[in-house]
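Visitor: Next input, structure requested:
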Amino acid sequence: MGISAGELRTLADRPFELLLEMERLTRAAIADQTEEKVEQEWVGIGFRLSGERFLVDRRQVREVMTYPGKITRVPGSKRWVAGLASVRGQLMPVYDLKAFLGGGVSVPDRATRILVANNRDVPAALIVDEVLGFRRFASKEYTGEWAPTILRCDRYMAGAYRRSSEVWPVFDLQALLEHAQFQNVEA
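Guide: Down below sits the predicted model:
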């Protein structure tokens, strides 16, 4: 329980107590603002695929990496399964997200990145054309609608965020990893 502004004036002749109370009130106000901001803000990772921009919830991505130096092809797998790569000493399946979604095989360049999924059950590293960094949106910028995409990914969309004329579709990585078509890697 704090004191009112009028009661603060009564502490004018006790400067140390006045400063302590002002500090307490300031900390409480900052804590309130921080809680409001966290509740109203959504943070995603922006990425580009076949010339289109998408977002993925930052909690669905464990890490963003540069393209691995070596990916070993797995015989008998579909063409969108790029292969296996060593990620921090562990073998990780690498998938060409653009090829899976019908956008053609990725040709790695300096901007190509790997999104490592944050999923214990389905280890996956997904090749994307470019990572555009963190994007922050207010909850009021969310919409359940997005413009049609060139890639066949509507079943993996989870709404979009709209800021002025920009629309950022949200790609649901968990929906992709759990989809039977994605889990069927045998050619």
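Visitor: Which residue ranges of the protein form strands?
Guide: Ranges of strands in the chain, per DSSP state E, are 41-49, 52-57, 61-66, 81-87, 90-96, 113-117, 125-128, 130-138, 142-143, 157-163, 166-171.
Visitor: among those strands, which is the most enclosed?
Guide: strand 125-128 (a mean of 24; mean count of other Cβ atoms under 10 Å). (C-beta placed from N, C-alpha, C; glycine too.)
Visitor: circling back: which stretch among the strands of the chain comes nearest Ala12?
Guide: Ranking these by proximity to Ala12 (Cβ to Cβ) places strand 41-49 first, at 39.0 Å.
Visitor: what's in contact with stretch 177-187?
Guide: 74, 76-79, 81, 93, 95, 100, 117, 119, 121-122, 124, 155-156, 176 (Cβ atoms under 8 Å, 6 or more residues apart in numbering).
Visitor: quick one: buried residues of it?
Guide: Buried residues in stretch 177-187, counted by 16 or more other Cβ atoms under 10 Å: Leu177, Phe182.
Visitor: And Tyr161, how far from Leu84?
Guide: 34 Å (Cβ to Cβ, to the nearest Å).
Visitor: now Ala99
Guide: 16 Å.
Visitor: Need the pLDDT of Glu39.
Guide: With respect to pLDDT, Glu39 has a value of 59.
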